[in-house]
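# Sequence below, structure please.
(one chain, ligands or ions: 1)
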Amino acid sequence: MKKHLLPFIAVTLGMISCNDDASNKSTVDTIAKTAAAVSAKNWGTADEQPVKLFTLSNSKGDTVTITNYGATLVSWSSADRNGNHSSVLAGPAALDGFLQKPPYFGAIIGRYGNRIGKAGFTLGGTKYTLPANDGPNTLHGGVKGFDKVVWTAEVPDSNHAEIRFSYMSPDGDQGFPGKLSVIVIYTLTNDNEVKIRYEATTDKPTPVNLTNHAYFNLSGNADNLILTHQLMVDAERYTPVDAQLIPTGQLAPVQSTPFDFRKAETIGARIAQVNGGYDHNWVLNKWDGKLRKIAELTDSISGRLLEVSTTEPGIQFYSGNFLDGKFITADGKAINKHSALCLETQHFPDSPNKPAFPSTILEPGQTYRSETVYRLSVK
Ligand code: GLA
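Modelled structure (predicted):
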């Protein structure tokens, strides 16, 4: 428990302290220019550990709240075209909601984002069995994935809107081999970007596929369905799935299908042609492991534009098909089917069982690195 307390004390102190060399002009200038800060408050307990809610603020008046329960992005308040602020993320307002096994609102997903078919895989000649938590398959890391654990939080510099979470997943956690050390760093920039950087190391070969499961509704109001949002995804191909949403292994062209978002299209325009709604992985163009812009989401009600950049080869566009009104936002709106959507950057689902897909196996001595940037602006 103690290891969680220290960073929190650091946060509180950092808020009010100045560096000893605060007289140093460049330090003062940087602080004045960025005017960014981190604050923390108690948010409850989970697994008998303290849970905090952190607020990151930038010079544009954007604020992002993040909790160390699941390293979860809780809200992102940003201006619409009229300068009115509201959160572009849908999810519960209090920890209580996050403890009721919600559909991964804003959480970090791991050790393996999305599905692993038949709840298992073979690696180095050994068969590993995982908990089946989605029919016969494993979804989002298992029964108690990284979204349901308390992470250690650290604020390196409270004048800088950045927070670093770490978690040690033990050998055998949810059936996965190897002790995996994970770090997730969130930064809110003055350019209204939320940057998420992931790092992991292991002591045995293991699959790793980390993502964030934020649900966006750019209008800031879950009553306005995302069917009127427009989406662009820079992908010529996608990974078709079977009835259980496991990729068939094929990389199919999007051309002449409802999966063609190479030019911005209204989400609702062709969704009826997709059984169950969109819940698929797109094969992003020009993947070389470097950060590049791969998607744009716009909302004509608020004028907001979300740009998504990533180092990953894929993105899961999930149109909130299973949302059922059970969870309520901070402003009292029920989160219904299509109230919000996810753009989860990732390696392809079921890669541990699909040798032709880019590998997700992390070896001892290697460092897993991934970065995704969500940037908001108004048109
Ligand atoms: C992902 C999956 C969906 C669903 C949601 C959470 O996006 O692909 O099928 O499980 O998470 O409900």
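
# what does the stretch 251-379 of the chain put close to the ligand?
Near the ligand, the residues belonging to the stretch 251-379 of the chain are Asp279, Gln316, Tyr318, Phe322, Cys342 when assessed by C-beta under 6 Å from any ligand atom. (C-beta placed from N, C-alpha, C; glycine too.)

# which one of those residues is nearest the ligand?
Nearest to the ligand out of these is Tyr318 (C-beta to the nearest ligand atom; 3.4 Å).

# Could you find the closest non-adjacent residue to the closest one?
Nearest in space to Tyr318, with sequence neighbours left out and distances taken as C-beta to C-beta, 6 or more residues apart in numbering, is Cys342 at 4.3 Å.

# what bridges to that neighbour?
Note on Cys342: beta-bridge partners by DSSP bridges are Tyr215, Tyr318.

# which ones are touching the residue nearest to the spatial centre of the chain?
What sits nearest the mean C-alpha location of the chain, by C-alpha atoms, centre = their mean, is Asn212, with 1.3 Å. By C-beta atoms under 8 Å, 6 or more residues apart in numbering, the residues touching Asn212 are Leu73, Gly106, Ala107, Ile108, Ile109, Ile196, Glu344, Thr345, Thr372.

# how about 7 Å then?
By C-beta atoms under 7 Å, 6 or more residues apart in numbering, the residues touching Asn212 are Leu73, Ile108, Ile196, Glu344, Thr372.

# which residues in the stretch 51-200 of the chain form strands?
Using DSSP state E, counting those that start in this stretch, the strands of the stretch 51-200 of the chain run over 63-67, 72-79, 85-87, 108-109, 115-116, 120-123, 126-129, 138-139, 152-154, 162-169, 180-188, 193-202.

# now stretch 48-58: how far from the chain's centre is it?
Relative to its chain's centre, stretch 48-58 lies at 17 Å (C-alpha atoms, centre = their mean, to the nearest Å).

# Please identify the buried residues of that stretch?
Gln49, Pro50, Val51, Lys52, Leu53, Phe54, Thr55, Leu56, Ser57, Asn58 (16 or more other C-beta atoms under 10 Å).

# confidence score at the third one?
Right, Val51. Looking at Val51, its pLDDT stands at 98.

# Roughly how far does it sit from the ligand?
To the ligand, Val51 is 22 Å away according to C-beta to the nearest ligand atom, to the nearest Å.

# correct me, but that residue touches Leu95?
Yes - the pair Val51 and Leu95 passes the contact test of C-beta atoms under 7 Å, sitting 5.7 Å apart.

# List the residues that are in contact with both of these two.
Common neighbours of Val51 and Leu95 (C-beta under 7 Å, 6+ apart) are Trp43, Gly44, Thr67, Tyr69.

# Those residues also near the ligand: which ones?
Applying C-beta under 6 Å from any ligand atom to the shared contacts of Val51 and Leu95, none is adjacent to the ligand.

# Relative to the ligand, which of those is nearest.
Checking the shared contacts of Val51 and Leu95 one by one against the ligand (C-beta to the nearest ligand atom), the nearest turns out to be Tyr69, at 17.4 Å.

# Pairing partners for the closest one in the sheet, please.
Counting by DSSP bridges, Tyr69 forms beta bridges with Val150.

# can you tell me which of the buried residues of stretch 48-58 lies nearest to Thr206?
Using C-beta to C-beta, Gln49 comes nearest to Thr206 of the buried residues of stretch 48-58, at 24.7 Å.
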